[in-house]
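Novice: Make a model of this:
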Amino acid sequence: MNISKSLEHRADFLLLTVALAWGVTFLMVQDAIKNVPVFSFLFWRFLLASVLMFFISYKFIKLIDKDTFKYGVILGVFLFLGFATQTFGLVYTKSSIVAFLTGLNVIIVPFLAYVLFKFHIRPMVILASFLAVIGLYLLTLSGELSFSLGELLAISCAIFFALQILFTGIYSRKVNVYNLVLVQFFVVTFLSLIFSFALEPVTFNVEFDYVFVKALIITAIFATVYAFLIQTYMQQFTTPTKTAIIFTMEPVSAGFYGYFVGNELLSINQIYGAIIIIIAVLLAEIKFKKT
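Specialist: Residues are numbered from 1 along each chain as shown. Got it, this is the predicted structure:
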């Protein structure tokens, strides 16, 4: 599939806005889940997102077929398992370690792309992937790594998110994007409901205070509907590996948003890490012409 350079750059830019949206909403999610259990919050977030996505994709729903349902279920399961393993990982180890290990999907994606589908990965993109890992290390890691259940869950999370990115790039070219996102949202909603019922004290009777409602509405609209619709649609025009590199901007935007809005501190190492990640994203855009 031949993709023009301008179209690819436009796709990469819009994927960057997705990473920024996730980063900016991180702080409000963190505040919301202080009083609302995680899976309950995910249930309400994806339920609202599913309703909104239903109205957005209404005129395409008649196009849903067996493949759309199958692909949506696969992506939804990957996405939910990513959220679930990340959440349980936070129970057993530091959030900084979970953030770093989750970010390792930036090097897992090209590895899986080659092993599973023999995708060619440009050397500059491989270099950018490893630079992004170094940047993530400096930006997020404040504790010592060890091999425990928490680390194992965080690595599993990275694998699931990598699979979601990789298969989104494949499935988005085969079926209607709007329906694919809609099915994926319904799957995450259903699985979040099941886990919330099984593991948490409240699901439906949560307290709808200002903090929760604000986080729910903003994350459902911008960090869910907008983010996953843009990701799914734009991955038709770029590679999964570049998508993973661009998504490492999420902790960068979260860090700077927390600094300017949440009065959080940024160390010099974190600033260096953010700069390295930005360089990695720019390097991933470089293509040398064959002579």
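Novice: can you give me the helices for the stretch 51-200 of the chain?
Specialist: Secondary structure of the stretch 51-200 of the chain (DSSP state H, counting those that start in this stretch): helices at 66-92, 95-102, 105-117, 123-140, 149-171, 177-199.
Novice: Name the residues of the first one that come out as buried.
Specialist: So the one you mean is helix 66-92. 68-69, 71-72, 74-90 (16 or more other C-beta atoms under 10 Å). C-beta coordinates here come from the backbone N, C-alpha and C atoms, glycine included.
Novice: Mind giving me the packing neighbours of that helix?
Specialist: Using 3 or more C-beta pairs under 8 Å, 6 or more residues apart in numbering; DSSP states H and E, the elements in contact with helix 66-92 are helix 38-56, helix 95-102, helix 149-171, helix 177-199.
Novice: Out of those, which is closest to His120?
Specialist: Among the helices and strands packed on helix 66-92, helix 149-171 comes nearest to His120, with 13.9 Å by C-beta to C-beta.
Novice: Mean confidence (pLDDT) on the closest one, please.
Specialist: Here helix 149-171 scores 92 as its mean pLDDT.
Novice: the bottom helix or strand of the protein by mean pLDDT?
Specialist: Lowest by mean pLDDT, DSSP states H and E among the helices and strands of the chain is helix 95-102, with a mean of 75.
Novice: now for that one, which elements pack on it?
Specialist: Other helices and strands packing on helix 95-102, by 3+ C-beta pairs under 8 Å, 6+ apart, are helix 66-92, helix 123-140, helix 149-171.
Novice: Tell me which of the ones you listed sits nearest to Phe247.
Specialist: Nearest to Phe247 among these is helix 149-171 (7.4 Å), distances taken as C-beta to C-beta.
Novice: Ala49: which of the helices of the stretch 51-200 of the chain is closest?
Specialist: Minimum separation from Ala49 across the helices of the stretch 51-200 of the chain (C-beta to C-beta) falls at helix 177-199, 5.2 Å.
Novice: where in this protein is pLDDT low?
Specialist: 1-3, 95-96, 142-146, 287-291 (pLDDT under 70).
Novice: rewinding a little: to Ile268, which of the helices and strands packed on helix 66-92 lies closest?
Specialist: Proximity to Ile268 (C-beta to C-beta) singles out helix 95-102 among these, at 16.0 Å.
Novice: angle of that closest one against helix 123-140?
Specialist: Here helix 95-102 points in a direction 170 degrees away from that of helix 123-140 (axes from the mean of the first three to the mean of the last three C-alpha atoms, to 10 degrees).
Novice: Report the angle between helix 95-102 and helix 66-92.
Specialist: Here helix 95-102 points in a direction 150 degrees away from that of helix 66-92 (the same axes, to 10 degrees).
Novice: tilt between helix 95-102 and helix 149-171?
Specialist: Using the same axes, to 10 degrees: helix 95-102 against helix 149-171 is 40 degrees.
Novice: Tell me the buried residues in helix 95-102?
Specialist: Neighbour-count burial for helix 95-102 [16+ other C-beta under 10 Å]: Ile97, Val98, Ala99, Phe100, Leu101, Thr102.
Novice: which one among these gets closest to Leu199?
Specialist: Nearest member of the buried residues of helix 95-102 to Leu199, counting by C-beta to C-beta, is Val98, at 18.2 Å.
Novice: who's in contact with that closest one?
Specialist: Residues in contact with Val98 (C-beta atoms under 8 Å, 6 or more residues apart in numbering) are Gln86, Gly89, Leu90, Gly150, Ala154, Cys157.
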